[in-house]
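> Fold the following for me, if possible:
(one chain, ligands or ions: 1)
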Amino acid sequence: MKKTVCVIGLGYVGLPIAVRSVEKGYDVIGYELSKEKVDMINKGKSPIEEKYLDDNMQKFPVKASTDEKVIKKADITLICVPTPVDEFYNPDLSPVIGATEAIIRNLKKGSLVVLESTVNPGVSEEVLKPMFEAAGYKVGTDVFIAHCPERINPGDPKWNVSNIPRVVGSFDKKGLDAAVEYYRNITTGEVRPMKSIREAEAVKILENSFRDINLAFVNEVARSFNILGIDVKDVIAGSATKPFGFMPFYPSCGVGGHCIPVDPYYLIERAKKAGFDHKFLRLSREINNSMPVYAVELLKDALNEVKLPLNGTAVGIMGVAYKANIDDVRESPAVKIMELVKKGGAKMNVFDPHIPKSSNVKTLEEILKKSTALVIATDHNEFKLIDPKLFKKHGIKVIIDGRNCLDKNAIKKLGIVYKGIGR
Ligand SMILES: NC(=O)c1ccc[n+]([C@@H]2O[C@H](COP(=O)([O-])OP(=O)(O)OC[C@H]3O[C@@H](n4cnc5c(N)ncnc54)[C@H](O)[C@@H]3O)[C@@H](O)[C@H]2O)c1
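Residues are numbered from 1 along each chain as shown. The predicted structure follows:
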């Protein structure tokens, strides 16, 4: 018999797996708090820009609802809600707790509940399990709990929900087997059972902390090389010729998104409660958080070279999304850069071809025409393809290449002040 899957939270993570589950023959229902998203999804439209969804949403339509009672039908419920941090970087588990409460109110006995949201090691054991037990459900009999951290990488042309390898952990063999069976249907990638649910939680935190640390390292190197007059981009390309023991990471005006700048805090805070200080992770977060400020310092220095103050100068911010070719602004360094540029008294123009509602000009031509200085905050393809002569034609005097994605030499030759991140 066909199994029913309920996906709680239809965002960047939940919607693709809901669509994929329809494709693989499950009955699928989505439970989502946002009525706007539910209405769009029920019309076959995606609230987010994502190639996998563009290609598959019409073919494999998902039914969505704002009514939590849809959970009652589910044999498998996936929790795909946000796991943010608060203003003091403390993990905020309230969406996970809210989703779990909704499941408990509507649980089909014997069903499988999988937490996909990124959490620190211990959340399933210390938060989820006690909630079910307090409601009178026995974990391993009345309900099976598993964790399968989502690894989706929005905008990635190669890896998506249908092929990315997964790891799964559970409290018991039955829960593990059921979760592994489901994910082996969903992905063509390896599905690796972990020895415990805590290990599965730790896998994801390790992956994203690893990335944050390496980005912090190249960001620090970029700042040092800037002073030493060395082009970090060229150096990384040189180091990357080593066939082992080196992985290229690239510096930028900041690290954004809902994962990398957030997830390490989940480990930092949980370890702190256990008496361990994650010095390395804290330092990485500090360095990466400082990059937007550094980009604005570069802007001030560059304007100084052409004898212009930030105050009163027309500055164009190119890109608001946290990374190339997507429409997600969560934790985007562009947001911090815009705040600082505005505070500095500049006349600010903003253009992101993927996010018209965050732009105050409509076209690339318009932002070039209206600006004296530019900050490339996102390396969207539309920006990388600009002919440098166009900058000159529109009288651009200064370019801060926050993504090191432009032709430095061609721009400099045109007499424009160019500053990249470490080049
Ligand atoms: N975005 C990514 O690239 C990515 C990649 C891997 C893992 N993750 C992790 O996956 C989780 C979800 O991230 P996302 O990017 O999909 O978030 P998102 O904000 O795009 O989507 C989450 C959705 O959940 C809904 N929601 C919140 N609380 C709810 C509740 N109690 N009941 C029902 N719906 C609720 C929200 O309205 C939202 O639409 C996070 O833990 C994140 O760290 C994200």
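> Run through the residues that contact the closest residue to the ligand within the chain.
For the chain and the ligand, the shortest gap (CB to the nearest ligand atom) falls at G11, measuring 1.8 Å. For the C-beta atoms, the positions are set from N, CA and C on the backbone; glycine is no exception. By CB atoms under 8 Å, 6 or more residues apart in numbering, the contact set of G11 is K37, P47, I48, C80, P82.
> and if you look at V315?
Contacts of V315 by CB under 8 Å, 6+ apart are L299, V341, A346, K347, M348, N349, S371, T372, A373, L374, V375.
> Run through who's touching stretch 81-101.
Counting by CB under 8 Å, 6+ apart, 8-9, 11, 14, 79, 113, 115, 117-120, 123, 127-128, 131-132, 258, 262-263, 265-266, 268-270, 285 sit against stretch 81-101.
> taking these one by one, which sit in helices?
Residues of the contacts of stretch 81-101 located in helices (DSSP state H): G14, V123, M131, F132, D263, Y265, Y266, I268, E269, R270, R285.
> Just the closest of those residues to N214, please.
R285 (13.1 Å; CB to CB).
> Please tell me I have it right and that closest one contacts I260.
No - judged on CB atoms under 8 Å, R285 makes no contact with I260 at a distance of 9.8 Å.
> Listing request: residues of the chain with sub-threshold pLDDT.
Scanning the chain for pLDDT under 70 picks out nothing.
> near the ligand, which residues of it?
Residues of the chain lying near the ligand by CB under 6 Å from any ligand atom: 8-14, 31-34, 37, 80-83, 95, 98-99, 102, 117-118, 150-152, 154, 258-259.
> at 5 Å what do you get?
Neighbours of the ligand within the chain, by CB under 5 Å from any ligand atom: 8-9, 11-13, 32-34, 81-83, 95, 98-99, 117-118, 150, 152, 154, 258.
> how about the helices in the stretch 151-300 of the chain?
173-186, 197-228, 232-239, 263-273, 279-305 (DSSP state H, counting those that start in this stretch).
> thinking again about what came up before, of the contacts of stretch 81-101, keep whichever come out buried.
8-9, 11, 14, 79, 113, 115, 117-120, 123, 128, 132, 258, 262-263, 265-266, 268-270, 285 (16 or more other CB atoms under 10 Å).
> that older thread, from the contacts of G11, which ones fall inside helices?
Short answer: these in helices (DSSP H) are K37.
> could the contacts of G11 be laid out in a markdown table, adding neighbour count?
Putting the contacts of G11 into a markdown table (neighbours: other CB atoms under 10 Å) gives the following:
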| residue | neighbour count |
| --- | --- |
| K37 | 22 |
| P47 | 19 |
| I48 | 16 |
| C80 | 26 |
| P82 | 17 |
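> Compute the number of surrounding residues for the nearest residue to V70 once chain neighbours are set aside.
Using CB to CB, 6 or more residues apart in numbering and skipping residues adjacent in sequence, the residue nearest V70 is I29, 4.5 Å away. If you count neighbours by other CB atoms under 10 Å, I29 ends up with 23.
> So I29 sits against A74, correct?
Yes - between I29 and A74 there is a contact at 7.2 Å, judged by CB under 8 Å.
> list the residues that contact both of those two?
T4, V5, C6.
> Can you tell me the closest non-neighbouring residue to the last one?
Okay, so that is C6. Spatially, and ignoring its direct neighbours in sequence, C6 is nearest to A74 (3.5 Å; CB to CB, 6+ apart).
> which parts of stretch 189-198 are buried?
So, applying 16+ other CB under 10 Å, buried residues of stretch 189-198: G189, V191, P193, M194, S196, I197, R198.
> and what of stretch 28-45?
V28, I29, G30, Y31, E32, L33, K37, V38, M40, I41.
> And stretch 360-369, by the same measure?
Across stretch 360-369, burial judged by 16+ other CB under 10 Å covers V361, L364, E366, I367, L368, K369.
> Give me the distance between the fourth one and A295.
In this structure, I367 lies at 17 Å from A295, with CB to CB, to the nearest Å as the measure.
> Repeat that for the last one.
Taking CB to CB as the criterion, K369 is separated from A295 by 23 Å.
> Name the nearest residue to F144, sequence neighbours excluded.
Using CB to CB, 6+ apart, the closest residue to F144 is G175 (3.4 Å).
> That neighbour against L112, yeah?
Yes - G175 is within contact range of L112, at 6.4 Å (criterion: CB under 8 Å).
> intersection of neighbour lists for these two?
Common neighbours of G175 and L112, using CB under 8 Å, 6+ apart, are F144, I145, A146.
> Please report phi then psi for the second one.
Think I145. phi -120, psi 130 (degrees, to the nearest 10).
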